[in-house]
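Q: okay, structure incoming, though there's no sequence with it:
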């Protein structure tokens, strides 16, 4: 891979997304971030686009600008929305938002960057899923859409393999981010049992996910496609 191959990361402002950006930049990629808010400490020499990723028309306009500055070698679909609640409390409005942020924006980003990847003759798409796709209490909408990410990944892998483009998914388990803390009550028995049940004995770090992304993004990882890699400390063993 030549130096400074371009990679777009969605949901790049904090947590897992920001960690992915830092790791890929350290590995020599030219990283572009996209999210609702630009971090105050985002490097001046690293492009960042601000947009509400749930707003389809606005996202399309920004993606057209990004693609015009391409071609891009890589795409990390990281942005996500985690609605919580038991089945009887599910709000269909949240379903629409979950589809927009967990599925639709992935499609829009891939469509925008695909011509450039084909121009290069190679590319890497990494979709961030979730362990919740295997099933998790009070996650009807989240688990449904993240299961969709896995199906999407497998289908894209088949369609794009002949273009030299690999498509893989990473499904994190418990990762210590603001995102996780907002969706999991630290005082609840369920959260306590979840954390105590992690075989490696610790909660995950955003850097753990970023390392997995770096593996899939590597040009030498051209014989791996359509896979879902769980970064979960072993918590998914026996759960499927």
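A: Cool, got the structure. Here the structure is a predicted model, which means the values were calculated and not measured. Numbers count the residues shown, from 1 in each chain.
Q: all strands of this protein, in order?
A: Assigned by DSSP state E, the chain shows strands spanning 6-10, 30-35, 48-50, 74-77, 123-128, 165-172, 228-231.
Q: of those, which stretch is the most buried?
A: strand 74-77 (a mean of 28; mean count of other CB atoms under 10 Å). In short, each C-beta sits where N, CA and C put it, glycine included.
Q: ok, that one: who's next to it in the sheet?
A: strand 6-10 (parallel), strand 123-128 (parallel) (DSSP bridges).
Q: which ones are touching residue 149?
A: Residues in contact with residue 149 (CB atoms under 8 Å, 6 or more residues apart in numbering) are 77, 102-103, 106, 127-130, 133, 169.
Q: between the strands paired with strand 74-77, which one is nearest to residue 68?
A: strand 6-10 (12.2 Å; CB to CB).
Q: in the element among helices and strands of the chain having the smallest mean pLDDT, what's buried?
A: In the chain, no helix or strand scores lower on mean pLDDT, DSSP states H and E than helix 178-183, which sits at a mean of 74. Residues of helix 178-183 classed as buried: 179-180, 183 (neighbour count, 16 or more other CB atoms under 10 Å).
Q: so, low pLDDT: which residues of the protein?
A: Residue ranges of the chain with pLDDT under 70: 1-3, 238-240.
Q: ok, which stretches of it are helices?
A: For the chain, the helices defined by DSSP state H cover 15-26, 56-68, 92-99, 105-120, 140-160, 178-183, 189-196, 206-217.
Q: figure out which of those helices is closest to residue 32.
A: When the helices of the chain are compared by CB to CB, helix 56-68 sits nearest residue 32, at 6.4 Å.
Q: which residues sit against that closest one?
A: Here helix 56-68 makes contact (CB under 8 Å, 6+ apart) with 8, 32, 34, 49, 51-53, 72, 100, 104-105, 108-109, 112-113, 115-116.
Q: 7 Å - rerun?
A: The contact list for helix 56-68 (CB atoms under 7 Å, 6 or more residues apart in numbering) reads 8, 32, 34, 49, 51-53, 104-105, 108-109, 112-113, 116.
Q: hmm, back to that, can you list contacts of the least confident helix or strand of the chain?
A: Applying CB under 7 Å, 6+ apart, the contact partners of helix 178-183 are 14-15, 82, 84, 174.
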